[in-house]
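> I'll drop the sequence and a predicted model, then ask my questions.
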Amino acid sequence: MTIPTLSTTHHKFTRLGLLFVFLLMTVVALAQDPKKDWKSEGEIQDVSIEIVVDRQIAVPKALRNYDKIPPRPAETIVPPITYEFQSFSFKAPQVSPLIKPLKLKTEGKEDVYGGYLRLGYGNYSSPLVEGYFNSRRDKNKLLGAQVYHNSSGRGPVDKRNSGNGASGVRLFANSFSDNVALSGDLAFENRTTHFYGYPEGEEVDRDTIKQAYTIFKLFGSVANSKNSNLKYTLGAGFSYLTDKYKARETEVDLEFVSSYDLKDESKINVKAGYIIISRKDEGVEAKPRNLFSLAPNYEFTPIENLKLQIGFIAAFENDTIDSQSSHLYPDLKVTYPINPSIDFVAYLTGGMEKVSLQSLSNENMWLAPNIGIFHTNKSADLGLGVNARLGNQVAVHGGLSVATLKNLYFFRNLEDDPSKFFTEYDKGVTKRTNLYAALSYAQSEVAKFLLRGDFYGYATDEVSEAWHRPKYKLTVNGSYNLYDKIVFTADLIAQGGMKAYDPTAGKTVTLDGAFDLNFKTEYLFSKKFSAFAQFNNITSSKYPIYLNYPVRGFQVIGGITWSF
């Protein structure tokens, strides 16, 4: 900070004095003659004023040396402060809560029902009996039995003359150890029907048109149960069939299936089988028919995501209809995922398809005695398909297959008895085309749905038509479980385009299309008891299965089920 001196103050006063004198002289000059116009009198004369100041005021400089305040001397504390630490313990009294915590009960084993008994009855004099028994909770063995009877005393033609039924008993057992799994199966089955395809109004004896097939089966297998690179199953089966027209057929089957896992997601598969069939029919004994097949293949992944199966199928048989007894077929398959949800599949294969009186009677029970029976030679089968998965519940399948078949059989009505059928074989080459698409939906055990459609095309060689082979087939099946209390089931079957030769009219006819709608509901009173009602052929369409063989109209059956 700067302090002003007297010299500076003196100069300020001098300037103010000069300014005051100048203003005073000006006022005096203007006041001398107010009548005169001072603007025209001339200019103000120059005046010089000289002020001489020669005195100076001097102030001595101030001293700025100050003495600091000395610190106060420290005083010793008497007596000195000392610190002592002592342990401190606290013990709370024990608390006994008035509310006890909830304890979970030990869960017992859930009831497992190893069997059930179902009883029912419906129109057309149709009793239903079905029982199933299975052993419970044993990881080393499984024993079971099944019995069933389902029949209709009356049918679509002349009441009792078109009745049919099926009965059977089955016993099975399985045993598991650390290394081997054994299984056995013993079954007895009886299927009955009547040849009700006779001309309308014809008088027949009911006992002479009855047909019955009795089948006895025995099967056993051994397989490894240990998780290892080598997996195998060896099975053997025996069956014996008789019918009301003195037909006898004995069949022995041997089968071996194995696979060996290699490195890099590759493995070797081997499948082999031997079948011998002997048959007697109305005093005629056919020579035994032998069929041996061997099918090895190799599965590997040459590049990422591409899965290949390369192998062959060799077959040896002695059917008299074919002069060649040895056959060799390719066995190729390609699987490639287009994306994580869509797989492309292509295959080329072939083989001998077994044909026996038992397999033919499962398709058509109205066979004539002593019909010809020969294996079908599928010389080639080429297929392309796509498998798609839409989420975890929906799957879509579609594809096309083209097969060339030798000795394919067809059913035709006898000339002298149109109620019976014989087998007509195309000794040339039959080309069969199958275009199919399927949609499936599954939501656990609550809802299920399946839709499949097939379109068939046949190009025969030595047979004029593909007798009794449908050109299209549609199958729909669905079920829904409402609150685990009511179960609804519905299915629909539609097919058509079948052609047959009518010996009575002497011409080829096209059979009416089939449309069969069925519905079933079951109410569960408890886990043990339930009641059901089943409605078949709701539209009461009496479509023909084969020429001259219509089905029953509307059918209803109700009953109860007991689980134990």
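Good, I have the coordinates.
> So for stretch 248-259, mean pLDDT?
Mean pLDDT, stretch 248-259: 97.
> So which bits of that stretch are buried?
249, 251, 253, 255, 257-259 (16 or more other CB atoms under 10 Å). Bear in mind the C-beta positions are built from the backbone N, C-alpha and C, glycine included.
> Can you flag which of these belong to strands?
249, 251, 253, 255, 257-259 (DSSP state E).
> Sketch out the low-pLDDT regions of the stretch 1-150 of the chain for me.
1-113 (pLDDT under 70).
> now what about stretch 456-470, what contacts it?
410-412, 424-434, 471-473, 495-501, 508, 511, 546-547 (CB atoms under 8 Å, 6 or more residues apart in numbering).
> ok, now stretch 272-292?
245-256, 293-295, 315-319, 352, 354, 356-357, 369-370, 373, 375.
> thinking again about what came up before, just flag the most distant two among the buried residues of stretch 248-259.
The most widely separated members of the buried residues of stretch 248-259, counting by CB to CB, are Glu249 and Ser259 (32.7 Å).
> if we can go back for a sec, show me just the buried residues among the contacts of stretch 456-470.
Here, 16+ other CB under 10 Å leaves 410-412, 424-426, 429-430, 432, 471, 473, 495-501, 511, 546-547 buried among the contacts of stretch 456-470.
> Now go through the residues you listed and say which are in strands.
Using DSSP E, the members of the buried ones among the contacts of stretch 456-470 that fall within strands are 410-412, 424-426, 429-430, 432, 473, 495-496, 499-501, 546.
> Show me which helix or strand of this structure is least confident by mean pLDDT.
Ranked by mean pLDDT, DSSP states H and E, the weakest helix or strand in the chain is helix 6-31, scoring a mean of 48.
> what residues does the helix or strand that that helix is followed by touch?
Downstream of helix 6-31, the next assigned helix or strand under DSSP states H and E is strand 115-122. Contacts with strand 115-122, where a contact means CB under 8 Å, 6+ apart, come from 127-134, 532, 534, 555-564.
> Over to stretch 323-342?
295, 297, 305-318, 343-352, 377-380, 386-390.
> Only whichever of the residues you listed are buried, select them in ChimeraX.
To isolate the buried members of those in ChimeraX, using 16+ other CB under 10 Å:
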select :295,297,307,308,309,311,313,314,315,317,343,345,347,349,350,351,352,377,378,387
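> Let me know the average pLDDT across stretch 529-544.
Mean predicted confidence for stretch 529-544 is 96.
> let me fix that: stretch 440-458
Stretch 440-458 comes out at a mean pLDDT of 94.
> May I have it exported as PDB, CA atoms only?
The C-alpha coordinates for stretch 440-458 follow below in PDB (Å, rounded to 0.1, in the frame of the first residue of the first chain):
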ATOM      1  CA  SER A 440     -46.400 -83.100 -35.700                       C
ATOM      2  CA  TYR A 441     -46.900 -81.200 -32.500                       C
ATOM      3  CA  ALA A 442     -46.300 -82.300 -28.900                       C
ATOM      4  CA  GLN A 443     -46.700 -80.400 -25.700                       C
ATOM      5  CA  SER A 444     -45.600 -82.800 -23.000                       C
ATOM      6  CA  GLU A 445     -48.600 -85.000 -22.100                       C
ATOM      7  CA  VAL A 446     -51.100 -82.200 -22.500                       C
ATOM      8  CA  ALA A 447     -51.600 -82.000 -26.200                       C
ATOM      9  CA  LYS A 448     -50.500 -84.000 -29.200                       C
ATOM     10  CA  PHE A 449     -51.200 -83.700 -32.900                       C
ATOM     11  CA  LEU A 450     -50.100 -85.600 -36.000                       C
ATOM     12  CA  LEU A 451     -51.000 -84.900 -39.600                       C
ATOM     13  CA  ARG A 452     -49.600 -87.000 -42.600                       C
ATOM     14  CA  GLY A 453     -50.500 -87.100 -46.200                       C
ATOM     15  CA  ASP A 454     -49.300 -89.600 -48.800                       C
ATOM     16  CA  PHE A 455     -49.700 -89.700 -52.600                       C
ATOM     17  CA  TYR A 456     -48.800 -92.900 -54.500                       C
ATOM     18  CA  GLY A 457     -48.200 -93.600 -58.100                       C
ATOM     19  CA  TYR A 458     -47.900 -97.100 -59.600                       C
END
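> chain center to that stretch, what's the gap?
Its chain's C-alpha centre and that of stretch 440-458 lie 11 Å apart, by CA atoms, centre = their mean, to the nearest Å.
> What residues sit buried inside that stretch?
Buried residues in stretch 440-458, counting neighbours by 16+ other CB under 10 Å, are found at 448-451, 453-456, 458.
> do the same with stretch 353-370
354-358, 360-361, 365-368, 370.
> go on, stretch 257-266?
257-259.
> same check, this time on stretch 174-181
Within stretch 174-181, the residues scored as buried using 16+ other CB under 10 Å are 174-176.
> Give me the residues contacting the helix or strand where Asn518 lies.
Per DSSP H and E: Asn518 is located in strand 514-524. Residues outside strand 514-524 that contact it (CB under 8 Å, 6+ apart) are 484-496, 530-539, 541, 543-545, 551, 561.
> Among those, which ones are in helices?
Among those, no member falls in helices (DSSP state H).
> Strands - which of those land there?
486-496, 530-536, 544-545, 561.
> Strands of the stretch 301-450 of the chain, residue ranges please.
Along the stretch 301-450 of the chain, the segments classed as strands by DSSP state E, counting those that start in this stretch run 307-317, 326-339, 342-353, 376-390, 394-413, 421-443, 447-459.
> Distance of Ile560 relative to Val169?
Counting by CB to CB, to the nearest Å, the separation of Ile560 from Val169 is 22 Å.
> Actually, Asn392.
Taking CB to CB, one finds Asn392 at 40 Å from Val169.
> okay, the two: which has more neighbours?
Val169 (15 against 8; other CB atoms under 10 Å).
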